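K.L.:
sharing a sequence plus its predicted fold:
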Amino acid sequence: LLGSLQATRALMVAAILLGLVALFVAVTGMKCMKCMEDDQVKKMRMAVFGGVIFIIAGLAALVATSWYGNRVARAFYDPFTPVNTRFEFGSALFIGWAAASLAILGGAFLCCSCPRRETSYPPTRGYPKNAPSTGKDYV
């Protein structure tokens, strides 16, 4: 294969692997998970770090898809390319561009949850304890 095709393949594989790593990192940083619930600032930093990895994965996929799309467009308009061997933009390119933009957008949303100096969560309060029932409370 040509060097550009091998590079686009490597970029797409790297984007997929980075996306999986970002998914695991971002899941540990979610507020609904029990992992690291004692330190909310570290938990939010994990979510932001997952968002940064998502943005990097999206950029890798965007570069690979755009690089291959540029190659297809140049070959299509090349007068020395035979008509029966010309490629056109297919659905895989559009899916790649959409996936890359969604990964970048999702990473940006995760990065918007930057930790503040102090957490904005209200302090946890336990439920009020009721007095023991004497059995005469019914009426």
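P.N.:
Received the coordinates, thanks.
K.L.:
report the distance from the lowest-mean-pLDDT helix or strand in the chain to the chain centre.
P.N.:
Every helix and strand in the chain was compared by mean pLDDT, DSSP states H and E; the lowest is helix 40-77, with a mean of 92. Remark: helix 40-77 is offset 9 Å from the chain centroid, using Cα atoms, centre = their mean, to the nearest Å.
K.L.:
ok, stretch 100-114 next?
P.N.:
With Cα atoms, centre = their mean, you get 6 Å for stretch 100-114.
K.L.:
CA atoms of it as PDB?
P.N.:
In PDB, the C-alpha atoms belonging to stretch 100-114 read as follows (Å, rounded to 0.1, in the frame of the first residue of the first chain):
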ATOM      1  CA  ALA A 100     -14.800  12.900  14.400                       C
ATOM      2  CA  SER A 101     -17.000  16.000  14.900                       C
ATOM      3  CA  LEU A 102     -19.100  14.200  17.500                       C
ATOM      4  CA  ALA A 103     -16.000  13.000  19.400                       C
ATOM      5  CA  ILE A 104     -14.600  16.600  19.400                       C
ATOM      6  CA  LEU A 105     -17.900  18.000  20.500                       C
ATOM      7  CA  GLY A 106     -18.300  15.400  23.300                       C
ATOM      8  CA  GLY A 107     -14.800  16.000  24.400                       C
ATOM      9  CA  ALA A 108     -15.500  19.800  24.500                       C
ATOM     10  CA  PHE A 109     -18.600  19.200  26.600                       C
ATOM     11  CA  LEU A 110     -16.600  17.100  29.100                       C
ATOM     12  CA  CYS A 111     -13.900  19.700  29.200                       C
ATOM     13  CA  CYS A 112     -16.500  22.300  30.200                       C
ATOM     14  CA  SER A 113     -16.900  20.500  33.500                       C
ATOM     15  CA  CYS A 114     -13.600  22.000  34.800                       C
END
